[in-house]
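>>> Pasting the sequence and the predicted model now:
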Amino acid sequence: MPVISCILTEHDLLLVLLAAVMCAIGSFATTRLWRNAVAARQRDRFHWCFLTGVTGGSSIWATHFIAMLGYQTPVPATFDPKLTVISIVIAILGTSLGIALTTSSNRLIARLVGGATLGLSIAAMHFVGMFAYRVDGIVSWDQTYIVLSIVASIGFSVLATFYMTGGRAPAFLSRTNAAVISLILAIVLLHFTAMDAFSVAPIAGLSSGADSGAFSAMAMSVALVALLIVFTGFSSEVIEFRNKTRSEIDLNYIATHDELTGVPNRRKFSEILADRCAKTRDTGAEFSLIMIDLDRFKPVNDTLGHTTGDAVLKRVANRLEHVIRASDFLARLGGDEFAIIALGSTGDRSNVLRLCDRIIDVLSRPFIINGHVIELGASLGVAIAPAHGTTADDLTQSADIALYAAKDAGRSTYKLFETAMADEVQLRRSLEIDLRRALNREEFEVYYQPQVDAKSGDYSGAEALIRWRHPQRGMLSPVVFIPLAEELGLIGPIGNWVLRQACRDAVTWPSHLSVAVNLSPAQMMDRRLPKSVKSILNETGLDPARLELEITETSLIGNDVQALAVLNELRAMGIAISLDDFGTGYSSLSYLHRFPINRIKIDRSFIDRIPTDVDSAAIVQAIAKLGGSLGMKITAEGIENEEQWSFSKTEGCDHLQGYLFSKPIPGSEIGALFDTKDSAERAA
Ligand SMILES: Nc1nc2c(ncn2[C@@H]2O[C@H](COP(=O)(O)O[C@H]3[C@@H](O)[C@H](n4cnc5c(=O)[nH]c(N)nc54)O[C@@H]3COP(=O)(O)O)[C@@H](O)[C@H]2O)c(=O)[nH]1
């Protein structure tokens with residue numbers, strides 16, 4: 001109460017109001033800067049403490065000085081310039097020191113000492129300022145109010161420190177606002193309680209009253225300068241806040257978006273999916289998850305390079321963005337995997353299936369990049385919540401299973417999840433795991449199918465054909481595991497193993513017999529292939545002229561430059577190249593012309609239908625003639641009877657291969673077979 005009566009009866013209320021505004025703005029700006037000082041890294045902390053000290057000290061001093069100017073003394077009053085300057089220095093240095101102490105450590109003692117230093121510096125500034133206040137009268141001090149004012153200043157400064165350094169504020173206030181109020185109370189209570197301690201009695205005969213007009217002008221000037229300082233400090237805080245907000249937005253964007261394509265990334269996808277699943281659990285609302293995997297993307301990356309691969313991925317993302325609806329969510333999960341959370345499909349599954357059709361359509365259209373025409377395609381797996389899962393994990397698993405099924409179904413297609421698919425996928429997954437270990441566990445074997453001279457019927461060599469002796473599933477055909485090995489990137493080591501084993505076996509055969517080894521398209525894309533082949537030949541001692549490598553047209557499509565370089569190197573080493581399964585693919589005549597091919601193998605699907613099927617017979621005739629005129633050898637595959645042998649021989653095929661002569665047999669048996677001189681006799 002004495003404080004309020006001191007304000008009302010002994011002060012110019014207008015200047016008290018100005019001091020109050022100064023105090024509020026100054027405390028607000030100080031706490032914001034103080035917050036930055038607390039949060040700053042070590043190297044920036046000094047600067048934030050200094051800025052807080054200058055802003056806080058100036059506003060504390062200005063509040064005091066303006067209020068002093070508003071004090072209505074009955075006697076003439078002036079200010080001692082030296083002590084006035086010292087009081088402002090105390091305010092700034094004391095506040096800076098106090099703030100620095102509060103930010104120096106998390107320990108309670110640091111906060112107590114820092115808060116007390118701040119409170120003491122407010123008090124010291126005030127009393128030095130009071131000594132600077134020179135009055136022509138009799139001054140007396142009340143010690144109780146002096147002590148009370150200092151206790152109030154220290155107490156509320158410590159409380160402000162408590163809130164600024166993480167202390168819990170009352171429920172209706174933020175910590176910073178609680179600190180603002182505490183700081184205001186520290187300054188105001190100190191000033192007006194200390195003013196209650198101060199009284200001055202006029203000396204009879206001296207003129208009474210200070211020059212209130214001059215004091216008001218001084219108060220305005222001080223307020224202006226102090227506000228400028230406070231706003232300078234506050235501006236720094238605003239700039240810092242904006243920069244921080246901007247970088248937080250940038251960081252958030254970077255963290256949730258794919259750098260290459262600009263669409264949301266896996267992290268964002270997981271968030272949105274979890275959110276949608278939670279809503280579905282609450283409301284039962286239906287939505288679909290579409291997993292997209294590009295077909296034939298790896299060869300693009302391997303053959304045309306990562307820059308082209310990246311350009312393709314950007315175009316894919318762009319096409320997908322155009323095909324989805326505004327309510328759908330597209331993300332790139334990594335590599336060539338994309339996902340769509342189709343929210344717009346609620347209630348009608350045909351909507352999502354139509355969307356899948358559109359996706360397959362747009363991704364099947366060629367991409368023209370740097371003059372290359374790239375044909376991809378996509379496999380899609382669809383799962384619908386809540387029917388196929390209500391958690392992100394379950395739904396993703398269902399969509400993945402459907403995706404596997406789509407790939408197995410021949411790609412460029414989509415599959416909607418069905419429960420039965422899960423068993424197939426389980427089977428495939430366990431096969432994948434086993435395949436990764438099969439090489440180390442020596443579970444592969446090479447079988448050989450002999451090839452014979454069409455005219456003489458003598459053996460001319462054999463084709464190496466891999467088998468997998470699976471510990472639980474028995475002997476597995478390459479049809480089952482070679483595509484899987486290609487997909488898992490295991491074909492390189494497996495192919496090398498077959499080649500090494502075939503060369504080792506072939507050196508033990510009579511020297512006029514050759515060995516043919518299949519190369520998968522993925523092996524052909526490996527620039528290191530000629531080097532590996534050379535090293536295997538050196539290691540096994542097989543004459544390169546006895547080795548034939550069988551490739552398919554698939555190895556050449558879209559891989560012209562690389563394939564030509566690899567084939568030329570192999571040919572230069574003396575190795576023969578044969579084009580397998582001819583007639584089933586593009587059967588492009590330009591391949592025969594452009595690539596160094598020694599032999600064409602006519603696919604057994606044509607041989608199978610001769611001589612009865614006129615068209616197949618015509619195809620065999622045409623291929624044999626064409627190959628012959630290009631100086632190539634011709635092998636007819638899949639000879640199962642005498643008519644097929646006779647027809648193929650008549651049409652000009654040089655060599656024959658098929659069950660009529662022998663099925664593929666283990667390496668341990670082929671040597672004995674070669675000892676049999678007349679294969680025709682055996683066949684008969
Ligand atoms: N990249 C690699 N591919 C390989 C390797 N080993 C085999 N393969 C490829 O797997 C496919 C299936 O091979 P396989 O089950 O061994 O079948 C071969 C023969 O058994 C079969 N054949 C031969 N003659 C007949 C016949 O008269 N009738 C009949 N029904 N089938 C017959 O043909 C397959 C040989 O085909 P090809 O290679 O086209 O000459 C197959 O595509 C193999 O290429 C490997 O190590 N790497």
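Perfect, thanks for sending it.
>>> Just the pLDDT at the residue lying closest to residue 560 once chain neighbours are set aside, thanks.
Take residue 560 and drop its neighbours on the chain: the residue closest to it by Cβ to Cβ, 6 or more residues apart in numbering is residue 594, 7.6 Å away. Quick note: C-beta positions are derived from backbone N, CA and C, even for glycine. The model reports residue 594 with a pLDDT of 87.
>>> Test my guess that residue 594 contacts residue 564.
Yes. Residue 594 lies in contact with residue 564 (Cβ atoms under 8 Å); the separation is 7.1 Å.
>>> contacting residues around the residue in the stretch 151-300 of the chain that the ligand sits nearest to?
Per Cβ to the nearest ligand atom, residue 299 is where the stretch 151-300 of the chain lies closest to the ligand, at 15.0 Å. Contact partners of residue 299, counting by Cβ atoms under 8 Å, 6 or more residues apart in numbering, are 521-522, 525, 558-559.
>>> contact partners of stretch 573-585?
Stretch 573-585 is contacted from outside by 514, 516, 518, 530, 533-534, 537, 543-545, 547-554, 567, 570-571, 591-592, 595-603, 605-606, 619, 623, 633, 635, using Cβ under 8 Å, 6+ apart.
>>> Please compute how far the top strand by length along the chain lies from its chain's middle.
The residue-count maximum for a strand in the chain (DSSP state E) belongs to strand 459-470. Taking Cα atoms, centre = their mean, to the nearest Å, one finds strand 459-470 lying 44 Å from the centre of the chain it belongs to.
>>> what's the answer for stretch 165-183, then?
That offset, for stretch 165-183, works out to 39 Å (Cα atoms, centre = their mean).
>>> Over to stretch 569-579?
Distance, centroid of stretch 569-579 to centroid of chain: 43 Å (Cα atoms, centre = their mean).
>>> what's the span of it from first residue to last?
In stretch 569-579, first residue to last residue: 17 Å (Cα to Cα, to the nearest Å).
>>> cool, stretch 68-84 as well?
12 Å.
>>> Next up, the contacts around residue 600.
Here residue 600 is in contact with 578-579, 582, 592, 623, 627, 632-635 (Cβ under 8 Å, 6+ apart).
>>> how about a cut-off of 10 Å?
578-583, 587, 592, 623-624, 626-628, 630, 632-636, 653-654 (Cβ atoms under 10 Å, 6 or more residues apart in numbering).
>>> following the host helix or strand of it, which helix or strand comes up?
Per DSSP states H and E, residue 600 falls inside strand 599-602. Of the helices and strands lying after strand 599-602 in sequence (DSSP H and E), the nearest is helix 604-607.
>>> After that following helix, which helix or strand is next?
helix 614-629.
>>> now for the helix or strand that that following helix is followed by, which elements pack on it?
Where DSSP H and E defines the elements, the next helix or strand beyond helix 614-629 is strand 633-636. The contact analysis (3 or more Cβ pairs under 10 Å, 6 or more residues apart in numbering; DSSP states H and E) places strand 633-636 against strand 459-470, strand 547-551, strand 576-582, strand 599-602, helix 604-607, helix 614-629, helix 642-650, strand 655-657.
>>> rerun at 7 Å
Counting contacts by 3 or more Cβ pairs under 7 Å, 6 or more residues apart in numbering; DSSP states H and E, strand 633-636 is packed against strand 599-602, helix 614-629, strand 655-657.
>>> for the longest one, packing partners?
The one in question is helix 614-629. strand 599-602, helix 604-607, strand 633-636.
>>> what do you get if the cut-off is 8 Å, keeping everything else the same?
helix 589-594, strand 599-602, helix 604-607, strand 633-636, helix 642-650 (3 or more Cβ pairs under 8 Å, 6 or more residues apart in numbering; DSSP states H and E).
>>> for the last one, same thing?
Packing contacts for strand 655-657, counted by 3+ Cβ pairs under 8 Å, 6+ apart, involve strand 444-453, strand 633-636, helix 642-650.
>>> if we go to 6 Å?
strand 444-453 (3 or more Cβ pairs under 6 Å, 6 or more residues apart in numbering; DSSP states H and E).
>>> The next helix or strand after the longest strand of the chain: partners in the sheet, and parallel or antiparallel?
Per DSSP H and E, the first helix or strand lying C-terminal to strand 459-470 is strand 474-476. Applying DSSP bridges, strand 474-476 is found paired with strand 459-470 (antiparallel).
>>> Surely residue 402 and residue 417 touch.
Yes. With contact defined as Cβ atoms under 6 Å, residue 402 counts as touching residue 417 (4.2 Å).
>>> Can you give me the distance of residue 518 to residue 169?
To residue 169, residue 518 is 76 Å away according to Cβ to Cβ, to the nearest Å.
>>> what pLDDT, on average, does the longest helix along the chain get?
Assignment by DSSP state H gives helix 212-256 as the longest helix of the chain. In this model, helix 212-256 has a mean pLDDT of 76.
>>> Helix 212-256 and the helix or strand just after it, what's the angle between them?
Going down the chain from helix 212-256, the next helix or strand is helix 266-283, by DSSP H and E. Helix 266-283 runs at 90 degrees relative to helix 212-256, counting by axes from the mean of the first three to the mean of the last three Cα atoms, to 10 degrees.
>>> Please name every helix or strand in contact with helix 266-283.
Secondary elements touching helix 266-283 (3+ Cβ pairs under 6 Å, 6+ apart): strand 329-334, helix 392-408.
>>> so how far is the next helix or strand after the longest one from its chain's centroid?
Meaning helix 392-408. Next helix or strand after helix 392-408 toward the C-terminus (DSSP H and E): strand 414-416. Chain-centre distance of strand 414-416: 27 Å, with Cα atoms, centre = their mean.
>>> How about residues contacting strand 414-416?
356, 380-382, 402, 405-406 (Cβ atoms under 6 Å, 6 or more residues apart in numbering).
>>> and if you look at stretch 444-463?
For stretch 444-463, contacts defined as Cβ under 6 Å, 6+ apart pick out 464-469, 498, 501-502, 513-516, 649, 653-657, 661-662, 664, 666-667, 670, 674, 679-680.
>>> low-scoring stretches of the stretch 1-150 of the chain, by residue?
1-9 (pLDDT under 70).
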